[in-house]
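Visitor: can't give you the sequence, but here's the structure:
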């Protein structure tokens, strides 16, 4: 019992010290979460209906965001915000892929996702999958989603996290962004990752 | 959220939790049966309290409740209330020592457990950690540590850190309530009841301070739940207020109940006045229910 307690405390302090050391570098303008979460991995369905894996985006800086196309506010605002940041990045933006994962596969068909993401720019990729695939990916990044009750027309809200996870070219988790981060900060950090 | 049998399955399966809980219950029941055969009675409420405590710990760690706790601040606070206060309190108020000892196979106890418990590698850190002031500071300190916004943020994102958080709460809860409710009686050289009441009393105020702050502030302190998504759409401030109330009122109340239990034993064992002590004779406080080990 005592051993375990001491071991836990030692492990906790080491981890915290490690995290403090990691977040010590001042170069990032959004939240550094290097090493905090696992590398990007998933099996999902692309806009063309084909199966895609995280490895298919190797070499690009990946921005992962969960949402759904019927989303009234958070998703379009966040995607628009990311699009604004990418527009300021010039040629570097070509090295970025925004992976918009719909957690509402019932309504978001690959075709609908393609139409939706194209409105934001060429770097935006719509993905979705079976509930099992989505649960696996959301669990990996500790993100929750749930469905609200449908109204008389069968429309419903989807409750989901607002996190924007950023992965480097190798697929390691690096940054956590938020739609309240200024576009300048987002562009700055994405440029740093592109040019690593 | 599915509340069917699926809910009872672990969200993140941890064999250690399963093994420890099953082992605790198995050893306890074996000890209880063996004692019953030998004619030693164990009060029904004690058996119930112990089993309930272990089951509660298992439920908050190894069912989909854990998932819910990760995605709603007030459910997370309830999880810690159970891990740090309620379950260890129930386990220790059941005075399970004698029953557990009877449940461990004799050879294992004599050859392995007893030498381990008496070895300096266990004794020295155990003594250090169970100094009354250290135990009190650790008890409150862990609540503050894991609620520190920066640390809380990483604990909710990083699985190993999250596990360390929950383990540290459970283990510290067991150690603390063991010291308060279940350790050797003062008459046999254990910590004086006055000390126990003092330590319990001292932990109340800081618990109220942090709970009340979270229950009353208009500032959203924990953004990580919005980042990762809440279970259902309640406002972050409402979530935080309920979480604060849980950290404030039931937690402080458990501590007050702990003080009353210790006070009750103090009065029972040492008597209120000379008349009572004389009347009770030398056997006061020596009944089996007060012997933890």
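Guide: Cool, got the structure. Fair warning: this is a prediction, and the values are worked out from it, not measured in the lab. Residues are numbered from 1 along each chain as shown, chains lettered A, B, ... in the order given.
Visitor: Need the pLDDT of residue 175.
Guide: Picked chain A for this. Looking at residue A:175, its pLDDT stands at 96.
Visitor: actually chain B
Guide: 97.
Visitor: Looks to me like it is in a strand.
Guide: No: the assignment for residue B:175 (DSSP: H, G, I helix; E, B strand; the rest coil) gives helix, which keeps it out of a strand.
Visitor: close enough to count as contact, it and residue B:136?
Guide: No: the criterion here is Cβ atoms under 8 Å, and residue B:175 misses it with residue B:136 at 11.5 Å. Where you see a C-beta, it was placed from the backbone N, CA and C, and this is true even at glycine.
Visitor: my read: residue A:143 touches residue A:159, true?
Guide: No: Residue A:143 sits out of contact with residue A:159 when judged by Cβ under 8 Å, with a separation of 11.0 Å.
Visitor: neighbour-wise, which of those two wins?
Guide: residue A:143 (24 against 17; other Cβ atoms under 10 Å in any protein chain shown).
Visitor: what about the more buried one, which SS state?
Guide: coil.
Visitor: shared neighbours of residue A:143 and residue A:159, which are they?
Guide: Both residue A:143 and residue A:159 are in contact with residue B:229, where contact means Cβ atoms under 8 Å, 6 or more residues apart in numbering or on different chains.
Visitor: Relative to chain B, which residue of chain A is the closest?
Guide: residue A:161 (3.1 Å; Cβ to the nearest Cβ).
Visitor: residues touching residue B:36, list them.
Guide: residue B:42.
Visitor: Count the residues that sit near the residue of chain A closest to chain B.
Guide: Neighbour tally, residue A:161, other Cβ under 10 Å: 25.
Visitor: That one reaches residue A:64, doesn't it?
Guide: No: counting by Cβ under 8 Å, residue A:161 sits too far from residue A:64 to count as a contact (10.9 Å).
Visitor: Residue B:61: how many residues sit nearby?
Guide: Based on other Cβ under 10 Å, the number of other residues close to residue B:61 is 27.
Visitor: Name the nearest residue to it, ignoring sequence neighbours.
Guide: Spatial nearest neighbour of residue B:61, excluding adjacent residues (Cβ to Cβ, 6 or more residues apart in numbering or on different chains): residue B:17 at 5.0 Å.
Visitor: and the one you found, what is it in contact with?
Guide: The contact partners of residue B:17, by Cβ under 8 Å, 6+ apart, come to B:57-58, B:61-62.
Visitor: who wins for neighbours among those?
Guide: residue B:61 (27 neighbours).
Visitor: what secondary structure does it sit in?
Guide: Under three-state DSSP, residue B:61 falls in the helix class.
Visitor: Tell me how far it lies from chain A.
Guide: 14 Å (Cβ to the nearest Cβ, to the nearest Å).
Visitor: can you pull the pLDDT of that residue?
Guide: On the pLDDT scale, residue B:61 gets 95.
Visitor: For the residue of chain A closest to chain B, which non-adjacent residue is closest in space?
Guide: Once flanking residues are discounted, residue A:161 sits nearest to residue B:229: 3.1 Å by Cβ to Cβ, 6+ apart.
Visitor: Wait, the one you found touches residue A:142, no?
Guide: No: using Cβ under 8 Å, residue B:229 is not in contact with residue A:142, being 9.0 Å away.
Visitor: Give me the more crowded residue out of those two.
Guide: residue B:229 (24 against 21).
Visitor: list the contacts for the more buried one?
Guide: A:66, A:143-145, A:159-163, B:71.
Visitor: what ranges do the strands span in the stretch 51-200 of chain B?
Guide: Assigned by DSSP state E, counting those that start in this stretch, the strands in the stretch 51-200 of chain B number zero.
Visitor: Show me what from it comes close to chain A.
Guide: Counting by Cβ under 8 Å from any Cβ of the partner chain, the positions of the stretch 51-200 of chain B adjacent to chain A are B:67, B:70-71, B:121-122, B:125-126, B:129, B:151, B:154, B:156-161, B:164-165, B:167-168, B:171-172, B:174-175.
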